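Visitor: sharing a sequence plus its predicted fold:
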Amino acid sequence: MKTVLRFFVPLLLAISASAQTTTQTFQLRNGWNSIWLEVEPTNAEIAVVFAGLPVSSVWTYVPAGAVQFIQDQTEDLFNQPGWLPHFPASRPEAFLTKLYTVNALRAYLVKLTNGPRTLTITGRPVVRAAKWVTDSFNLKGFPVNPSRLPTFNIFFGPSMSHAGQRVYQLRDNGQWTLVAPGDLMKHGEAYWAFCTGASTYPGPIGIKLEFGEGLHYGTVLTELMPRVINYAPGSATVCWRDVFNGADNPLSYQNFASNRLNWLKLPAPYCFTMDSGDERDVRLAMRRMGFPGTAFASILEVTDIVGTRYLVPVTAEKLLPARASLTNMADVGNPFAGLWVGSASVSNVNEVNSSQPARMTPARSSFDLRLLIHVDIHGQARLVKEVIQMWQNGTATNDANGRAVTDKPGRFVLLTDDALIPQFQGASLRDGTPVGRRLSSASFDFDGGATNALLMSGGFEINNTNLCVIVLEPDFPTNPFKHRFHPDHDNLDARYASFREEAYRITRSIELRYSSTDPAGPVNASLDYGYNFLGGVYRESISGLHRTDIVAQGTFRLTRVSNTPVLNQ
């Protein structure tokens, strides 16, 4: 039996629908075949997987303890515990069927009545820790490289539980035959391999993943750290390669150079050498601005020089605005929608009393201004001075069968109008009581009307500028000239009869210029810049405090903390 692995790139409409997929192909002979799946089928129903093939039965073994080796492969296996059979509906034994799906990292015995035929299975690759039944034969396949097939003694030699132990291969005559140590292993084929003592041995090299069965970054994670273990008796060169994108991928790896840690683009391939017994954490980060669209999916091929290979699925998503079904809005638009929180660090000011009042001079020390900006689904930015995150419960209804189903799921809401607070519930618990999460800034005050937010002109995106003007009238509570208990700040003469200007209108013109690079600098730059982080140049001109406008300038940096695309609903 011969197996071939081919790759293709499907159209990704939604990353949640499927990870990147591969096609595993088996050349099945007439009679018995022993196959090992390294992919999770897109449709795992067994009738779909083997559709159109003259299959008389399919078997898998679920270990319930040590198993006695069976040399002559027959269909009498259903009389023995641990075996799950599948018989096509046309077969008289169909009522004995106990196997209904086909899954990754399992061995299957397939009997063909009219071969040879080709079996093609499409799905996503899976990486899991190896499991062995102690002091028993195990029906398993192994992560071998179809382009560099190892011998049995090279593959199993590093493990005391497997070196020199018996391994049987299913031959064309339906007999399980003992293999020779120097025989080449086959990709996609399952063997009866004996394990003595406890073992978790995966092969000459092994991979341990932090979460799940691949590198799945979702919308939140930036870094993941798979671990590579060298079980081989000598040094091993391990290479990572994006099989679809090559070096044009959105992944970075961490490297120590020039006495500091650096993030470098993942090359094709990225190789390193490990000594025997070494364990190495490979820190991989996702640059979400490095892939187009809203989702990324690919496969990393991990290989060594002796013939081990793993296929590791990689997926990531960009955070989108909350779905239209969660709000009263009709559509979902701008990818930057949500609440952004950060600060502006003012480091330069003009010297208004000098001979060159327009010249900018570095301040003795910088000072920070807290920034809160909300962006709606149309990309409209608003400066806010206070926002409260609350929770709205979902609603339920009945479907056509009278069963209760969720109509609208619960969601977080952002309020800038305190009058709306009683309509919602708290978003977090404090001493057992639901309370809202309040974010505020003392750096900006204005009359924002009913929404308590100030519209900003321009575009909220890289290489664009947002502008707004804050006007503090003489009677505005936070006008610096106004004093509630000082009679000289009421803009009236000593007799309180005629107008006399004593308090002045203050105008703050604020400008946010978004840069293409992180203002935190190359050392502290975020790999998520342009996705969940934005920043650039902050500039503010203040008139009314001095006969010459006061200009302050520095940098600003914002972090998205919520993807709620609307305010006050």
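Guide: Structure received.
Visitor: quick one, phi/psi of Pro422?
Guide: Backbone torsions for Pro422, taken as degrees, to the nearest 10, come to phi -60, psi -10.
Visitor: show me the strands in the stretch 151-300 of the chain, by range?
Guide: 167-170, 176-178, 191-195, 205-208, 215-216, 223-224, 227-230, 236-242, 251-257, 260-265, 270-274, 279-281, 284-286, 295-303 (DSSP state E, counting those that start in this stretch).
Visitor: given the third one, what are its sheet partners and their directions?
Guide: Yep, that's strand 191-195 we're talking about. Strand 191-195 has its sheet partners listed here by DSSP bridges as strand 136-140 (antiparallel), strand 167-170 (antiparallel).
Visitor: what's it in contact with?
Guide: For strand 191-195, contacts defined as Cβ atoms under 8 Å, 6 or more residues apart in numbering pick out 34, 69, 132-142, 156, 161-162, 165-169, 176, 179. Heads up, the C-betas are built off the backbone N, CA and C, glycines and all.
Visitor: buried subset of those residues, written for ChimeraX?
Guide: Applying 16 or more other Cβ atoms under 10 Å to these leaves a buried subset, and the ChimeraX line that selects it is:
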select :34,132,133,136,137,138,139,140,141,142,156,161,162,167,168,169,176,179
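Visitor: shaky segments in this structure?
Guide: Low-confidence segments of the chain, defined by pLDDT under 70, are located at 1-19, 64-79, 322-333, 484-497, 499-501.
Visitor: the longest strand in it is where?
Guide: Criterion DSSP state E: the longest strand present in the chain is strand 360-375.
Visitor: which other helices and strands does the helix or strand harbouring Thr559 contact?
Guide: Assigned by DSSP states H and E, Thr559 belongs to strand 550-562. Packing partners of strand 550-562 (3 or more Cβ pairs under 8 Å, 6 or more residues apart in numbering; DSSP states H and E): strand 338-350, strand 360-375, strand 533-543.
Visitor: tell me which of the ones you listed sits nearest to Met274.
Guide: Ranking those by proximity to Met274 (Cβ to Cβ) places strand 533-543 first, at 34.1 Å.
Visitor: shouldn't Val48 be within a helix?
Guide: Yes. Val48: assigned to a helix according to DSSP: H, G, I helix; E, B strand; the rest coil.
Visitor: so what's the residue lying closest to it once chain neighbours are set aside up against?
Guide: Spatially, and ignoring its direct neighbours in sequence, Val48 is nearest to Pro41 (7.8 Å; Cβ to Cβ, 6 or more residues apart in numbering). Pro41 is in contact with 48-49, 102-104, 121-123, counting by Cβ under 8 Å, 6+ apart.
Visitor: now those residues in a markdown table, please, with extra columns for neighbour count, distance to Glu351 and secondary structure.
Guide: As requested, the contacts of Pro41 are exported to a markdown table (neighbours: other Cβ atoms under 10 Å; distance: Cβ to Cβ, whole Å; DSSP: H, G, I helix; E, B strand; the rest coil):
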| residue | neighbour count | distance to Glu351 | secondary structure |
| --- | --- | --- | --- |
| Val48 | 13 | 77 | helix |
| Val49 | 23 | 77 | helix |
| Val102 | 26 | 76 | coil |
| Asn103 | 15 | 73 | coil |
| Ala104 | 20 | 69 | coil |
| Ile121 | 24 | 73 | strand |
| Thr122 | 18 | 69 | strand |
| Gly123 | 23 | 68 | strand |
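Visitor: including distance to Val58, could those go into TSV?
Guide: Output for the contacts of Pro41, formatted as TSV (distance: Cβ to Cβ, whole Å):
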residue	distance to Val58
Val48	13
Val49	9
Val102	8
Asn103	12
Ala104	15
Ile121	12
Thr122	18
Gly123	17
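Visitor: which elements pack onto the helix or strand encompassing Leu383?
Guide: Assessed by DSSP H and E, Leu383 sits inside strand 381-384. The contact analysis (3+ Cβ pairs under 8 Å, 6+ apart) places strand 381-384 against strand 360-375, strand 453-455.
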